[in-house]
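Trainee: This is the structure alone, sequence omitted:
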C-alpha cells in the first residue's frame, strides 16, 4: 500500500525560509515529486528527486533520503505568491508504467 | 497555446444523469491521466492511457469509462451520476509513462445536485 504524510497547514512570514516535510511508506519507489497548487487552479510541477540528496532550483530546493522515506521542500525568501498548497507525490512501479500517489497536501500561508 | 485543455470548466447536473468531460493536449505527449480531487483537496489518480492503451485503472466504479480516440485526447464519461461524484476532475499528460513531470489541465468542477 501507499502512505504519504505531510503537515496539513503551515504559516510563515514573507522573506523567511520554510521547510515542508513529507514522509512516505510505499511498495516500490521510482521517484518523488513536489507540486504547487494555488487555490482554484491546477497543480504545477516543482521538482523531482529520484536519488538521495538536495536538488536546487532557484528559491526552491527539494531533498530526498530514500533510506528514511523522507523528503522536504525548502522555500527561501518567501513571497506572498508562495501561499498555496504543496503536494508531495511518490511514483511507484505499476505494471508497465509509473503511478504517482499524492499526499493530502500542505497549505502554506505566507503573512506580511 | 494551451498545453492541456479540458471542457467544460464547470458542470452542474442532477443525480442519475450521464455526462462527459473532454481533455486534449497539444504537447505531443504519449501518456494522459484522469485525477479526481475531492473537497478535502485529496488528489487521486483514476486512469492513465499510454498511446491510446489503458495502463492504469484504479478502483473506480464502472460508471466511469475513459476513452482515448488518439493519444492527444482522453475523455471521461460518467453514467448515473451520484452526489459523491461531485469533485474537481483534472486531466494531465506526460511525455512518456515513465516521465517525471505531469502537466495538468485547468480542471472541471463537477457538481451533482
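Mentor: Thanks, I have it. Note that the structure is a prediction, hence the values are computed from the model and not measured.
Trainee: only C-alpha atoms for contact and neighbour calcs from this point on.
Mentor: Will do.
Trainee: Run through who's touching stretch A:65-84.
Mentor: Outside stretch A:65-84, the residues that touch it by C-alpha atoms under 8 Å, 6 or more residues apart in numbering or on different chains are A:13-25, A:34, A:36-39, A:51-53, A:59-64, A:107-112.
Trainee: With stretch A:99-111 instead?
Mentor: A:2-14, A:20, A:78-93, B:41-45, B:56.
Trainee: what do you get if the cut-off is 7 Å, keeping everything else the same?
Mentor: Stretch A:99-111 is contacted from outside by A:4-14, A:79-80, A:82-93, B:41-44, using C-alpha atoms under 7 Å, 6 or more residues apart in numbering or on different chains.
Trainee: Quick check, pLDDT for the residue lying closest to residue B:22 once chain neighbours are set aside.
Mentor: In space, residue B:22 comes closest to residue B:75 once its chain neighbours are excluded; the distance is 4.5 Å by C-alpha to C-alpha, 6 or more residues apart in numbering or on different chains. pLDDT for residue B:75: 96.
Trainee: one step back: turn the buried ones among the contacts of stretch A:65-84 into a named ChimeraX selection, would you?
Mentor: This is the ChimeraX syntax for the buried subset of those, where burial follows 16 or more other C-alpha atoms under 10 Å in any protein chain shown:
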select /A:14,18,19,20,21,22,23,24,34,36,37,38,60,61,62,63,64,107,108,109,110
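Trainee: among the contacts of stretch A:65-84, which are in helices?
Mentor: If you go by DSSP state H, those have nothing in helices.
Trainee: show me the contacts for residue A:29.
Mentor: Residue A:29 makes contact with A:91, A:92, A:93, according to C-alpha under 7 Å, 6+ apart.
Trainee: Can you flag which of the contacts of stretch A:99-111 belong to helices?
Mentor: Reading helices off the contacts of stretch A:99-111, I find no matches (DSSP H).
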